[in-house]
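Chemist: Take a look and give me a structure for this.
(2 chains)
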Amino acid sequence: MAAAVCPCRALLGGRRRLLRAFTRGLAASKETHFGFQVVSEEEKGEKVYQVFENVAKKYDIMNDSMSLGMHRVWKDVLLHKMNPSPGTLLLDVAGGTGDIAFRFINYVRSVRERQLRQKLKHHQNLSWQEIADSYQEEAVKPLGDSQVVVCDINKEMLKVGRQKAQQLGYSEGLSWVVGNAEELPFGDEKFDVYTIAFGIRNVTHIDLALQEAYRVLKPGGRFLCLEFSQVNNPLLSRLYDLYSFQIIPVLGEIIAGDWKSYQYLVESIRRFPPQEEFKAMIEDAGFLKVDYQNLTSGIVAIHSGFKL
Amino acid sequence: APGALSAGSARRSHAEPAEDGYAGERDGGGRLYPGHIPTSPLQKALLAAGSALVALADPYRHDMVAVLGETTGCLVLPNLRDKMRNDPEGSRILQERPRIRLSTLDVEGLRRLPDGTLGREYLRFLEDNKVSPDTRMPAKFVDDEELAYVIQRYREVHDLMHTLLGMPTNMLGEVVVKWFEAIQTGLPMCVLGAAFGPVRLSARKLQVLATELIPWAIRSGRSANCILNIYYEQRWEQTVASLREEIGIFPPP
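Modeler: Alright, predicted model coming up:
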């Protein structure tokens, strides 16, 4: 019946495939996985690019449909964990359509407003002129020098993100840069916080992305990763698998007209290392105080580390 | 404007990833033909329901009409295939598997044919309505390789139906063709299209539809031989009128 439901067959066949690849390949480039398929490393990059090129326009509506809106909650939790203060410089990698960036701006803006209000409360005996001046200050620096750079390898996703920013009225403190997580176009020690939300599992060399994250963070900087992970509850895990493999590609076909991209998405989730293994990878890159927090029974996890 | 429920003119709505993975073993198997996506019964049911809703809501989602056809056609497609097998011309088509593509059509040759011939009128139809046979969606959810070809052939023959019936690709024309195809093939997607298509038409058009066009379409559909059994590619020089007579389609009102 549905080959998609049983990943075991694909995994067992994998060893045979790798053997074939070995005998076939002379200086054959290294192989990696693209969902449940086995592909060369160059191919993976191209195929992932195409997936996101295809889904870019419907990315947000698909996220809402697939996660029944939960992805918004997950991203909110990430921001609360980050708890950025005004003046923070954030790099959001694989930030595509800007969800994290917009939330960051909102958060920092409201923190700033609260700051200014507190200041006013402590200076009850200011003259009217001084109060009016402080409003001026708020208007001029609503974000308090905070900035977010959205970096993504995929131009289509960035395009959608920029359009969204325009529609929603975000302009200040926001930059859009094309870049590869494995080789970031930024100098060393530039950012206070590095986030990558639902992006790192698509990177061909996760270890390189982690090393780059370490490089571009200032000392004292924080690494935060929001990603799908392993469900720890066996019953939920079965339901989750059923939902992922039966429903999500169908949703992809109906809403976005693209079954294959969403099949890849659910397969890539299964390929990603579980919480502890990923934590070890982050530690290997040099981060300290690495920890993770499961959300929704482990469907999603936030990993955090510090460059100290 | 392209007609809403013309499954035959379903267009590709996106670029598919370069490698289609026909090498079935490469990705875990189950693929019977290039582009085949194996689906469980649950998935087919969901696809059928979802595509029906979306096709009705957004007439420009031709891919949804195609999906609806594939997921609901499983009972009817074998009958169509048998009809083809039992006919000499039809079984030749099943064996030779011709595909109507711009690359295989001799466009200039067709253009040189006299007016009134199938080839010339077909070309005129393509150019007037600015459509191309190359944008047909390939079958994805049919779980039999031969049946996948049958539904593919049906889609590619759809434009020729327009030519033979003399119907344009606007909403009205598409509905008429759908009625004809519903009678001819019995595909649930055609029946649904025929039943729900008129919902979007103005009152005046509905009147013309109900009084003249539908009865004619039904009569022709009933009297005509199976349209999938004609090897159109070998009949470009035949006149439309004589082909109509041969198949059994009455002249359009």
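Chemist: So in chain B, where's the weakest helix or strand by average pLDDT?
Modeler: Averaged element by element with mean pLDDT, DSSP states H and E, chain B has its least confident helix or strand at helix B:203-208 (a mean of 80).
Chemist: The stretch 1-150 of chain B: helices as residue ranges?
Modeler: Secondary structure of the stretch 1-150 of chain B (DSSP state H, counting those that start in this stretch): helices at B:41-57, B:62-72, B:76-85, B:88-96, B:107-112, B:118-128, B:145-165.
Chemist: Dump those helices to JSON lines, plus mean pLDDT.
Modeler: What follows is the helices of the stretch 1-150 of chain B, written out as JSON lines (pLDDT from 0 to 100):
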{"stretch": "helix B:41-57", "mean pLDDT": "89"}
{"stretch": "helix B:62-72", "mean pLDDT": "88"}
{"stretch": "helix B:76-85", "mean pLDDT": "88"}
{"stretch": "helix B:88-96", "mean pLDDT": "88"}
{"stretch": "helix B:107-112", "mean pLDDT": "83"}
{"stretch": "helix B:118-128", "mean pLDDT": "85"}
{"stretch": "helix B:145-165", "mean pLDDT": "87"}
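Chemist: Ok, which of those helices comes nearest chain A?
Modeler: In terms of CB to the nearest CB, the element of those nearest to chain A is helix B:41-57, at 3.8 Å. Heads up, the C-betas are built off the backbone N, CA and C, glycines and all.
Chemist: For chain B, what's its nearest residue on the stretch 101-250 of chain A.
Modeler: Relative to chain B, the nearest point of the stretch 101-250 of chain A is A:Val250 (4.6 Å; CB to the nearest CB).
Chemist: Show me the residue at the heart of the chain, geometrically.
Modeler: Using chain A here. A:Ala197 (1.4 Å; CA atoms, centre = their mean).
Chemist: other chain: chain B
Modeler: Geometric centre of chain B, nearest residue: B:Arg155, 2.7 Å, by CA atoms, centre = their mean.
Chemist: Kindly provide the distance from A:Met66 to B:Glu96.
Modeler: Distance of A:Met66 to B:Glu96, computed by CB to CB, to the nearest Å: 43 Å.
Chemist: and these two? which has more neighbours close in?
Modeler: Neighbour tally, A:Met66 and B:Glu96, criterion other CB atoms under 10 Å in any protein chain shown: the higher count belongs to A:Met66, 20 against 10.
Chemist: Is the closest residue in space to that one that isn't next to it in sequence in a helix, a strand, or coil?
Modeler: Sequence neighbours aside, A:Ile248 is the residue nearest to A:Met66 in space, at 5.4 Å (criterion: CB to CB, 6 or more residues apart in numbering or on different chains). Secondary structure state of A:Ile248, per DSSP: H, G, I helix; E, B strand; the rest coil, is helix.
Chemist: if I read this right, A:Ile248 contacts A:Tyr264, doesn't it?
Modeler: No: in this structure, A:Ile248 is not within contact of A:Tyr264 by CB atoms under 8 Å, at 10.7 Å.
Chemist: In terms of packing, which of those two has more residues around it?
Modeler: Neighbour totals were compared for A:Ile248 and A:Tyr264, and A:Tyr264 leads with 24 against 20 (other CB under 10 Å).
Chemist: Name all residues that make contact with that one.
Modeler: For A:Tyr264, the contacting residues are A:Phe34, A:Gly35, A:Lys47, A:Val51, by CB atoms under 8 Å, 6 or more residues apart in numbering or on different chains.
Chemist: For chain B, what is the nearest residue in the stretch 51-200 of chain A?
Modeler: Closest point on the stretch 51-200 of chain A to chain B, by CB to the nearest CB, is A:Asn54, at 5.2 Å.
Chemist: Surely that residue is within a helix?
Modeler: Yes: with three-state DSSP as the criterion, A:Asn54 is assigned to a helix.
Chemist: mind listing the strands in the stretch 151-300 of chain A by residue range?
Modeler: Assigned by DSSP state E, counting those that start in this stretch, the stretch 151-300 of chain A shows strands spanning A:174-178, A:191-197, A:217-228, A:288-295, A:300-306.
Chemist: Report the inter-axis angle for the third one versus strand A:300-306.
Modeler: With axes from the mean of the first three to the mean of the last three CA atoms, to 10 degrees as the basis, strand A:217-228 and strand A:300-306 are set at 170 degrees to each other.
Chemist: So what touches strand A:217-228?
Modeler: Strand A:217-228 has contacts (CB under 8 Å, 6+ apart) with A:74-75, A:78, A:81-82, A:189-201, A:210, A:213-214, A:269, A:272, A:278, A:282, A:287, A:299-308.
Chemist: Which among those count as buried?
Modeler: A:74-75, A:78, A:82, A:190-201, A:210, A:213-214, A:269, A:272, A:278, A:282, A:287, A:299-305, A:307 (16 or more other CB atoms under 10 Å in any protein chain shown).
Chemist: Which residues are in contact with the closest residue to chain A within the stretch 151-253 of chain B?
Modeler: At 15.2 Å from chain A, B:Met189 is the closest residue in the stretch 151-253 of chain B, using CB to the nearest CB. Listed by CB under 8 Å, 6+ apart, the contact set of B:Met189 reads B:Ala7, B:Val65, B:Leu68, B:Gly69, B:Thr72, B:Gly73.
Chemist: Near chain A, list only the ones from the residues you listed.
Modeler: Among the contacts of B:Met189, proximity to chain A is found for none (CB under 8 Å from any CB of the partner chain).
Chemist: what would those look like in CSV with neighbour count?
Modeler: Below are the contacts of B:Met189 laid out as CSV (neighbours: other CB atoms under 10 Å in any protein chain shown):
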residue, neighbour count
B:Ala7, 31
B:Val65, 28
B:Leu68, 28
B:Gly69, 31
B:Thr72, 22
B:Gly73, 26
